[in-house]
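Colleague: Give the three-dimensional model of this entry:
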Amino acid sequence: MDRSIALRSRRTRTVVAVATAGVLALGAVAAATPASAVQTSVTGAVFEWGINAEANAAAFAPGTYNLLSAGIVTATSASDRVTATNWKQTEGDVDILKRQADGSFADATFAGLSTDANGTRLSTGAGNNSGHVVRIGGGTGTVDPAAGTAEIQWQGTFTSAFYSGMTRSWITDPHLSVAADGTGTITATLGGYGTSMDDPDQFEQLAPVDDVVVATLTGVDVDADGFTVTPEYLGKTVNTGSGTPQVTGGANAGAFPQSFVDFQVLTGQGSYWYSSGGAADARKPASPLSVSYTAAAQPSVPTVTVSKTAGIARSGESITVTGTGFLPAGAATTGSRPPLQNQFVGAYVAFGKFAEAWQPSTGAAAATRSQRFDTKWALPAESHAAVGGSAGGAITLNADGSFTATLNVSTTAERDLLAGRYGIYTYAGSGATYAPFESFNPVAFAGAEDVVVEVPDQVEEPSGSFGWTFANASPADLGTAVQEGDTFVADGTLTNIIVTDTRTGGTTPYSWSISGQASDFTSAAGQSFSAGYLGWTPKVVQGGVSIAKGAEVTSSRLGGQGLSSSRVLAASSTAAAAVVGADLSLVLPGDIAAGAYTSKLTVTALQ
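Modeller: Below you'll find the model as predicted:
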């Protein structure tokens with residue numbers, strides 16, 4: 001469904017937003033990446049890092065020091081300083097904390113930036129440190145303590161200023177990725193000002209650089225509530241180009257990641273992030289980095305559900321068997337014989353007639369399980385070939401430990417005479433003897449005298465509908481951009497979107513989400529600029545507790561990513577009506593040509 005609304009500019013350097021085409025996708029299904037072994041979602045994750053001692057030490061220019069601030073501390077020249085007026089202890093989910101004399105942390109103050117934990121003034125001679133860290137809360141993602149993996153994203157920016165702000169850069173939206181071998185990275189978008197010791201007048205805002213590796217990690221032990229690790233530095237080498245050469249010998253020789261150093265060379269801080277042979281080298285190694293969260297408890301016992309267990313036609317029926325929680329458990333689920341020796345063995349799913357004592361974990365002989373009439377082998381996809389693929393009975397065991405098997409369940413007079421019990425059985429394969437994978441669900445067949453009827457649970461028929469519309473015919477107009485320093489800024493409001501949702505009944509839950517993506521702004525003269533300069537702050541005007549507003553999206557001029565790609569405006573986990581909207585903010589470089597510009601924001605609703 002398209003809703004195209006033409007909007008007009010008003011003055012010469014007017015920016016007009018937003019000609020809107022809404023796309024409504026009915027019944028859309030979003031594909032999700034499978035979770036890992038015991039992967040669980042985390043919210044409210046906390047990131048804490050002081051970067052290194054040098055980022056919190058006295059600087060060599062008289063009366064200056066290096067410091068951390070929440071948000072972006074802007075400047076117009078290298079002579080600007082971070083002051084009590086523009087320094088920020090907190091912004092959004094970002095806080096700056098200071099170590100106290102007893103080792104605890106408290107909210108930082110501007111005065112405390114230049115003293116150590118005991119209140120002693122910082123000086124290069126004393127070699128003391130202010131002990132500040134940045135804390136970013138609200139991180140979301142997934143962790144898998146069993147596999148040792150994690151993916152967590154934070155939203156927020158903090159500034160690292162040297163020489164009280166003669167040089168400064170900022171780190172935006174750090175992302176943690178940890179692999180099963182304990183290695184990991186912290187990546188982020190970097191921004192800052194370009195300076196040069198050779199040219200004191202050089203001072204220009206640098207274009208943000210995405211996906212910069214700011215820390216590499218080894219030996220990460222992901223557990224249910226977080227970890228602390230010191231990023232790599234000692235012994236690492238980097239290419240410094242034409243800058244100050246790296247000194248690779250000595251107790252403090254090392255470097256931050258290459259891509260981080262490359263960016264800092266542009267800010268004039270390059271040699272502060274690797275060993276250069278100066279007195280500051282002892283303060284350059286990375287400080288410990290902490291990540292904390294609460295991971296939801298995971299089911300510890302695999303479960304099996306069988307679609308039909310009684311009144312089965314003797315001639316045969318297809319029965320669906322579903323399993324959950326069939327996850328690797330180290331050596332206990334590792335094969336002791338081919339075809340999966342030294343590999344995760346998955347589980348057999350069989351219809352058969354086994355002896356009463358049949359479990360491999362109790363030492364029951366293989367003969368007790370010999371009467372298998374239809375068998376599948378639930379395995380990760382990468383192991384299917386080892387057992388002969390689908391012809392060998394392989395079915396997919398998903399990364400979250402779930403499977404679905406279809407078995408042909410039937411009987412004959414000859415089978416009836418066999419000793420044992422008819423049932424659906426599961427147990428570990430390839431010689432493993434893991435009791436939690438062992439299950440038995442008895443099944444019974446319909447006899448000639450039986451009258452069989454299945455009465456399903458009553459299900460309310462689906463009814464109702466979902467839809468959305470703009471509150472009026474003028475989605476937005478950003479008006480005339482105003483010059484602020486070396487940027488142009490324009491603000492506006494997206495017209496409210498009214499969501500109606502009266503859906504009820506059925507067998508599956510209802511939900512919806514509304515997203516938006518802007519096209520590049522263009523003028524009649526053929527000039528253009530990126531939609532990434534446009535950001536928004538979503539809001540829920542009306543709606544119940546199930547309605548969640550999307551994350552704030554900032555202009556790429558401010559280190560964000562803007563609306564050049566699809567961003568969530570609002571979403572609901574249930575069928576629910578709502579009124580949602582957003583405040584719009586456009587921040588442009590000062591060299592954008594004057595003119596009237598328009599963009600199209602494509603609004604997509606998924607339900």
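Colleague: Find me whatever residue is spatially closest to residue 168, sequence neighbours aside.
Modeller: Counting by CB to CB, 6 or more residues apart in numbering, residue 168 lies nearest to residue 161, which is 4.1 Å off, once chain neighbours are set aside. C-beta here means a position set from N, CA and C on the backbone, and glycine is covered the same way.
Colleague: Name the residues linked to the one you found by a beta bridge.
Modeller: residue 67, residue 168 (DSSP bridges).
Colleague: Am I right that it is in contact with residue 74?
Modeller: No. The criterion here is CB atoms under 8 Å, and residue 161 misses it with residue 74 at 11.1 Å.
Colleague: between those two, which one's more packed in?
Modeller: Shown here are residue 161 and residue 74; by other CB atoms under 10 Å, residue 161 has more neighbours (28 against 17).
Colleague: okay, how far is it across stretch 339-352, tip to tip?
Modeller: This stretch, stretch 339-352, spans 22 Å end to end (CA to CA, to the nearest Å).
Colleague: ugh, wrong one, stretch 286-305
Modeller: Start-to-end span of stretch 286-305 (CA to CA) is 51 Å.
Colleague: for stretch 358-371, same thing?
Modeller: End-to-end for stretch 358-371, by CA to CA: 11 Å.
Colleague: Okay, now the unreliable bits of the stretch 451-600 of the chain?
Modeller: Within the stretch 451-600 of the chain, the segments meeting pLDDT under 70 span 451-459.
Colleague: Please enumerate the strands of it.
Modeller: 466-470, 482-484, 487-501, 512-518, 521-523, 528-529, 534-542, 547-549, 567-572, 578-589, 597-606 (DSSP state E, counting those that start in this stretch).
Colleague: will you turn the ones you listed into CSV that also has distance to residue 559 and mean neighbour count?
Modeller: Output for the strands of the stretch 451-600 of the chain, formatted as CSV (distance: least, CB to CB, whole Å; neighbours: other CB atoms under 10 Å):
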stretch, distance to residue 559, mean neighbour count
strand 466-470, 30, 17
strand 482-484, 16, 11
strand 487-501, 13, 20
strand 512-518, 18, 21
strand 521-523, 20, 20
strand 528-529, 17, 18
strand 534-542, 11, 21
strand 547-549, 21, 19
strand 567-572, 16, 21
strand 578-589, 10, 22
strand 597-606, 21, 21
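Colleague: who wins for proximity to residue 209 among these?
Modeller: strand 578-589 (15.7 Å; CB to CB).
Colleague: now that closest one, how far from the centre of its chain.
Modeller: The chain centre lies 23 Å from the centre of strand 578-589; the measure is CA atoms, centre = their mean, to the nearest Å.
Colleague: For that strand, which strands pair with it and how are they oriented?
Modeller: Strand 578-589 has these strand partners (DSSP bridges): strand 487-501 (antiparallel), strand 534-542 (antiparallel).
Colleague: that older thread, now the strands of the stretch 451-600 of the chain as a markdown table including distance to residue 126?
Modeller: Shown next, in a markdown table, are those (distance: least, CB to CB, whole Å):
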| stretch | distance to residue 126 |
| --- | --- |
| strand 466-470 | 62 |
| strand 482-484 | 40 |
| strand 487-501 | 40 |
| strand 512-518 | 52 |
| strand 521-523 | 53 |
| strand 528-529 | 49 |
| strand 534-542 | 43 |
| strand 547-549 | 48 |
| strand 567-572 | 48 |
| strand 578-589 | 41 |
| strand 597-606 | 55 |
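Colleague: So which of these is nearest residue 180?
Modeller: strand 567-572 (29.9 Å).
Colleague: just checking, what packs against that closest one?
Modeller: strand 487-501, strand 512-518, strand 534-542, strand 547-549, strand 578-589 (3 or more CB pairs under 8 Å, 6 or more residues apart in numbering; DSSP states H and E).
Colleague: okay, the angle between it and strand 487-501?
Modeller: 30 degrees (axes from the mean of the first three to the mean of the last three CA atoms, to 10 degrees).
Colleague: neighbouring contacts of strand 567-572?
Modeller: In this structure, residues lying in contact with strand 567-572 by CB atoms under 8 Å, 6 or more residues apart in numbering are 497, 499, 501, 511-517, 536, 538, 540, 543, 546-551, 553, 578, 580, 582, 603.
Colleague: As a check, name the ranges of all helices in the protein.
Modeller: Listed in chain order, the helices of the chain (DSSP state H) span 258-267, 413-416.
Colleague: Among the ones you listed, which comes closest to residue 597?
Modeller: Per CB to CB, nearest to residue 597 of these: helix 258-267, 29.3 Å.
Colleague: Just give the closest residue to residue 72, not the sequence neighbours.
Modeller: residue 170 (5.2 Å).
Colleague: now residue 525, nearest residue through space, not along the chain?
Modeller: According to CB to CB, 6+ apart, the nearest residue to residue 525 is residue 595 (5.8 Å).
Colleague: To clarify, my last question referred to residue 255.
Modeller: Nearest to residue 255 is residue 274, by CB to CB, 6+ apart, at 3.6 Å.
Colleague: Need the pLDDT of that neighbour.
Modeller: If you check residue 274, the pLDDT there is 97.
Colleague: What residues does it make contact with?
Modeller: By CB under 8 Å, 6+ apart, the neighbours of residue 274 are 238, 240, 246, 254-256, 261, 284.
Colleague: of the residues you listed, closest to residue 380?
Modeller: Among the contacts of residue 274, and counting by CB to CB, the member closest to residue 380 is residue 256, at 37.1 Å.
Colleague: check contacts around that closest one.
Modeller: So residue 256 contacts 214-215, 231, 233, 236, 238, 264, 273-274, 286 (CB under 8 Å, 6+ apart).
Colleague: what about the helices of the chain, which gets the closest to residue 573?
Modeller: Using CB to CB, the nearest of the helices of the chain to residue 573 is helix 258-267, at 37.9 Å.
Colleague: how distant is the closest one from the center of its chain?
Modeller: 25 Å.
Colleague: Pass me the low-pLDDT residue ranges in this protein, would you?
Modeller: Using pLDDT under 70, the chain drops low at 1-39, 197, 296-300, 448-459.
Colleague: So residue 113 versus residue 69, what's the distance?
Modeller: To residue 69, residue 113 is 9 Å away according to CB to CB, to the nearest Å.
Colleague: on that earlier part again, could you take the helices of the chain and lay them out as TSV, with extra columns for mean neighbour count and distance to residue 138?
Modeller: Conversion of the helices of the chain to TSV gives the following (neighbours: other CB atoms under 10 Å; distance: least, CB to CB, whole Å):
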stretch	mean neighbour count	distance to residue 138
helix 258-267	21	24
helix 413-416	10	60
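Colleague: out of those, which comes closest to residue 468?
Modeller: helix 258-267 (41.7 Å).
Colleague: The closest one - contacts with which helices or strands?
Modeller: Looks like helix 258-267 contacts strand 167-178, strand 184-196, strand 209-217 (3+ CB pairs under 8 Å, 6+ apart).
Colleague: can we see that at 10 Å?
Modeller: strand 157-162, strand 167-178, strand 184-196, strand 209-217 (3 or more CB pairs under 10 Å, 6 or more residues apart in numbering; DSSP states H and E).
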